[in-house]
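Trainee: Got a sequence here, can you model it:
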Amino acid sequence: MALPTPTLQTDRLRLRPFEDGDAGDLWALHSDAHVLRYWDSPPWTEPARAERFLAACRQMADDDAGARLAVERVADGVFLGWCSLNRWNPDHRSASLGYCYGEAAWGHGYATEAAGALLDWAFATLDLNRVQAETDTRNLGSARVLEKLGFLREGTLREDCVVDGDVSDSWVHGLLRREWRAS
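Mentor: Next up, the predicted model:
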């Protein structure tokens with residue numbers, strides 16, 4: 001089964017495939033050191049990095065490995081960030097969830113809403129049994145998003161990442177199909 005790249009909509013948000021015109025918004029998001037302070041790679045230092053990101057999104061879709069979607073507000077079309085389902089493995093019926101949002105989008109429930117829509121689609125379309133997500137242990141906001149979605153913290157990857165010389169741990173969260181149905 002090929003992995004389709006969906007367009008999804010909630011009351012407040014539209015999740016859609018990335019377009020070339022998103023490069024400027026991606027550059028602004030991923031060059032912000034405050035937004036990426038818990039990220040597993042440093043902020044971008046060159047605008048061309050956005051073009052490589054867009055190419056990687058297309059390659060992910062072409063390889064049937066996942067779907068990374070731009071998230072925008074329905075009311076005004078403002079780019080808020082992105083949400084992804086990657087490392088899709090149809091044999092193991094598993095995938096990983098990821099997301100990144102600009103600071104102006106924090107605290108409004110957008111990450112939870114967008115990820116919920118993507119998970120609804122993924123569990124219904126891809127016959128998933130498990131979705132995994134990882135977050136830096138210092139990123140309590142991201143951990144709360146996962147908990148609101150029903151993910152359970154399953155363990156800690158000790159000293160998992162080193163970014164700019166800063167060593168950090170990561171929490172592994174998991175969500176099973178039966179748990180998603182129950183929520």
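Trainee: show me the contacts for Trp121.
Mentor: 6, 8 (Cβ atoms under 8 Å, 6 or more residues apart in numbering). C-beta coordinates here come from the backbone N, C-alpha and C atoms, glycine included.
Trainee: In terms of helices and strands, where is it?
Mentor: helix 110-125 (DSSP states H and E).
Trainee: right, and the helix or strand after that helix?
Mentor: Moving toward the C-terminus from helix 110-125, the next element (DSSP H and E) is strand 130-136.
Trainee: what residues does that next one touch?
Mentor: By Cβ under 8 Å, 6+ apart, strand 130-136 touches 38-40, 85, 92-98, 119, 122-123, 142-143, 146, 151, 157, 160-161, 168-177.
Trainee: Quick one: mean pLDDT for stretch 125-138?
Mentor: Throughout stretch 125-138, pLDDT has a mean value of 94.
Trainee: Just the endpoints, please. Distance across that stretch?
Mentor: 33 Å (Cα to Cα, to the nearest Å).
Trainee: Buried residues, it. List them.
Mentor: 126, 128, 130-131, 133-137 (16 or more other Cβ atoms under 10 Å).
Trainee: what's the answer for stretch 74-87, then?
Mentor: Neighbour-count burial for stretch 74-87 [16+ other Cβ under 10 Å]: 79-85, 87.
Trainee: Looking at those residues, which one is closest to Glu19?
Mentor: Using Cβ to Cβ, Phe79 comes nearest to Glu19 of the buried residues of stretch 74-87, at 10.5 Å.
Trainee: nearest residue to Asn129 other than its sequence neighbours?
Mentor: Excluding the flanking residues, the one nearest Asn129 by Cβ to Cβ, 6 or more residues apart in numbering is Arg93, at 4.0 Å.
Trainee: Any figure for the gap between Trp72 and Pro17?
Mentor: Small correction: residue 72 is Glu, not Trp. Counting by Cβ to Cβ, to the nearest Å, the gap from Glu72 to Pro17 is 12 Å.
Trainee: neighbour-wise, which of these two wins?
Mentor: Applying other Cβ atoms under 10 Å to Glu72 and Pro17 shows that Glu72 carries more neighbours, namely 22 against 15.
Trainee: wait, what's in contact with that one?
Mentor: Per Cβ under 8 Å, 6+ apart, neighbours of Glu72: 13-14, 16, 78-80.
Trainee: What of Ala115?
Mentor: By Cβ under 8 Å, 6+ apart, the residues touching Ala115 are 83, 97, 99, 145, 149.
Trainee: one more time with 10 Å, if that's ok
Mentor: 15, 71, 83-85, 97-99, 122, 131, 133, 145-146, 148-149, 151 (Cβ atoms under 10 Å, 6 or more residues apart in numbering).
Trainee: Good, wrapping up.
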